[in-house]
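**Student:** 3D, please:
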Amino acid sequence: LSSLPLQILLYVNGIYYIFYFLATLAMIIYKSQVFSYPDDLLAPDLAVLFLMAILEVPRLYLGFKGNLTEAEAPLGLSLGLTVGSVLLCVYLLLWQTYVLWADVLLNAVLLSAYGLESGLKVTAIAAFVS
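**Tutor:** Numbering: from 1, shown residues only. This next block holds a predicted model:
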């Protein structure tokens, strides 16, 4: 009953997140050097990015584990962590100090992946329960 599309998406999302993290970190460093980035706003933007990275590890692990073992609980926890990741992604998309077009593009792709992944998780949980 494991979902192959979910497993593939989790794998691709893990690789994409590494690229996302490095690109977003580079853009924050770039923006802090080029623009007049207020010092008191640099720390929250970096904290959100690092919190998101910390949240991503258990989210992906629980997603992999729940799908492969056909267990609802880890997939449900992963789905809950996905909600937290979506909120942090929306922060970086809308409320970051400076938002560049590259930020919009990176966050749009990540939010799309989160949405598709969430739908597949709900479908997999429903299949495991029945």
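
**Student:** Tell me which helix or strand the residue nearest the centre of the chain sits in.
**Tutor:** In the chain, the centroid-proximal residue (Cα atoms, centre = their mean) is Ser85; its distance is 4.8 Å. Ser85 is part of helix 72-90 when elements are defined by DSSP states H and E.

**Student:** List the contacts of Val48.
**Tutor:** Contact analysis of Val48 by Cβ atoms under 8 Å, 6 or more residues apart in numbering lists Leu88, Tyr91, Leu92, Gln96. Using the backbone N, CA and C atoms, a C-beta is placed for each residue, glycine as well.

**Student:** Grab the nearest non-local neighbour of the first one.
**Tutor:** The shortest distance from Leu88 to any residue other than its chain neighbours is 4.3 Å, reached at Met52 (Cβ to Cβ, 6 or more residues apart in numbering).

**Student:** Run through the residues that contact that neighbour.
**Tutor:** By Cβ under 8 Å, 6+ apart, Met52 lies in contact with Phe21, Ser85, Leu88, Cys89, Leu92.

**Student:** Any stretches of the protein with poor pLDDT?
**Tutor:** Low-confidence segments of the chain (pLDDT under 70): none present.

**Student:** Which stretches in it count as helices?
**Tutor:** 4-34, 39-68, 72-90, 101-129 (DSSP state H).

**Student:** Helix 72-90 and the first one, what's the angle between them?
**Tutor:** Taking axes from the mean of the first three to the mean of the last three Cα atoms, to 10 degrees, helix 4-34 and helix 72-90 form an angle of 30 degrees between their directions.
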